[in-house]
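Visitor: Just need the structure, nothing else, for what follows:
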Amino acid sequence: MSQDMTICGLEIKRGTKLRTMLPVPDTMTKIPLTVINGVEDGPTLLITAGIHGGEYPGIAAAIELGRDIEPEHVHGCLILLHPVNIQGFWARREFIVPEDGKNLNRVFPGTPLGTLADKTAYLISSNLFTIADYYVDMHSGDIHESLHPYVYYPGQPTPEVEKASKRIAKVVDVEYMVRSLATGGAYNYAASTGLPSILIERGGAGLCLHEDIEAYKDDIRNILRRLKMFELPVKPRHYHPRDITDMIYLESMETGCWFHHIHSGDFVQKGQVLGRTTDLFGQTITEYYAEISGVILYVCPALSAPKGTILVGYGQVVEDDDDD
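Guide: All right, here's what the predicted structure looks like:
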């Protein structure tokens, strides 16, 4: 409901907007926070961007949405963190929090007694997941990642949480959605607590393109409309996402130079060559083949591929269903 709210000791009156820097307790770090507490009653939607500091389009979109949306536009409350991993953002680092070298998305729910990544995750899970009715985590391909836009929804919590999460995933303007069976990550942890959650992937490779920013803003406006939190007009969607199953994340078996033969968005057949790794003299080390037929959602575009690098992510496309 839209009412006077208190978030981490900060009071936000009904019908007002707060933009401030939120301290991570027991650290010197502060995270940009925007809270838009609507005039009218409605749900509370939490949005995080920049859990990985090098994933720029979602961060830019959250900044601009926080600037442009006013309380009179909102039924309920919209909370945005942009970016969460502010150290990684300013350092132009992929994945990690520079202070402790941890992948913030892998430490949820965090702990108040750990390092900066742990304390940041704990701040969000203990103070914001607990007051939200829905959660959207905005990601992109990281600095060394190229991807075809898609959305994850959790498949491991209760059927009720899965259904509510999929309901908002289906209004994201992407071709594909993935039912995740993972248990790690901010949105999967949030879902395990009963909070309907999704993770959107759009843009990447260290770029911050205008078209990705605008598409992300349209995604959020569509979600707000689906949740009956927003009455302003939204642009028509181009896509109604189809489910992807049996996702395969192909990891490099050794350190080498990676030459990919496919691109994100391509369809591949079982047995098709996906790419190869070579040594520094161009001699092939390993050739990688598709284990199943499906669509490529993610490709590593970097030449350098240390052992364990995810080279390709792909899965099978499921026929459309009619549930809404």
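
Visitor: what about residue 66, which helix or strand?
Guide: helix 56-68 (DSSP states H and E).

Visitor: Kindly format the C-alpha coordinates of that helix as PDB.
Guide: Coordinates of each C-alpha in helix 56-68 appear next as PDB, following Å, rounded to 0.1, in the frame of the first residue of the first chain:
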ATOM      1  CA  TYR A  56      25.300  -0.400 -17.900                       C
ATOM      2  CA  PRO A  57      21.900  -0.200 -19.700                       C
ATOM      3  CA  GLY A  58      19.800  -1.200 -16.700                       C
ATOM      4  CA  ILE A  59      21.700   1.300 -14.500                       C
ATOM      5  CA  ALA A  60      21.100   4.100 -16.900                       C
ATOM      6  CA  ALA A  61      17.400   3.200 -17.300                       C
ATOM      7  CA  ALA A  62      16.900   3.100 -13.500                       C
ATOM      8  CA  ILE A  63      18.600   6.500 -13.100                       C
ATOM      9  CA  GLU A  64      16.300   8.000 -15.800                       C
ATOM     10  CA  LEU A  65      13.100   6.300 -14.500                       C
ATOM     11  CA  GLY A  66      13.900   7.600 -11.000                       C
ATOM     12  CA  ARG A  67      14.400  11.100 -12.300                       C
ATOM     13  CA  ASP A  68      11.300  11.200 -14.600                       C
END
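
Visitor: What angle do helix 56-68 and the following helix or strand past it make with each other?
Guide: Of the helices and strands lying after helix 56-68 in sequence (DSSP H and E), the nearest is strand 75-81. On the basis of axes from the mean of the first three to the mean of the last three CA atoms, to 10 degrees, strand 75-81 is oriented at 130 degrees to helix 56-68.

Visitor: Which residues are in contact with the nearest residue in space to residue 74 that is not next to it in sequence?
Guide: Distances taken as CB to CB, 6 or more residues apart in numbering place residue 38 nearest to residue 74, at 3.3 Å, with adjacent residues excluded. For glycine as for every other residue, the C-beta is placed from the backbone atoms N, C-alpha and C. Taking CB atoms under 8 Å, 6 or more residues apart in numbering, we find residue 38 in contact with 2, 14, 15, 71, 72, 73, 74, 75, 76, 77, 78, 229.

Visitor: again, only using 6 Å
Guide: 2, 71, 74, 75, 76 (CB atoms under 6 Å, 6 or more residues apart in numbering).

Visitor: Excluding residues flanking it in the chain, which one is nearest the last one?
Guide: Nearest in space to residue 76, with sequence neighbours left out and distances taken as CB to CB, 6+ apart, is residue 42 at 2.7 Å.

Visitor: can I assume that neighbour sits in a strand?
Guide: Yes. Counting by DSSP: H, G, I helix; E, B strand; the rest coil, residue 42 is located in a strand.

Visitor: What's the separation between it and residue 86?
Guide: As judged by CB to CB, to the nearest Å, residue 42 and residue 86 stand 29 Å apart.

Visitor: Fine, thanks again, bye for now.
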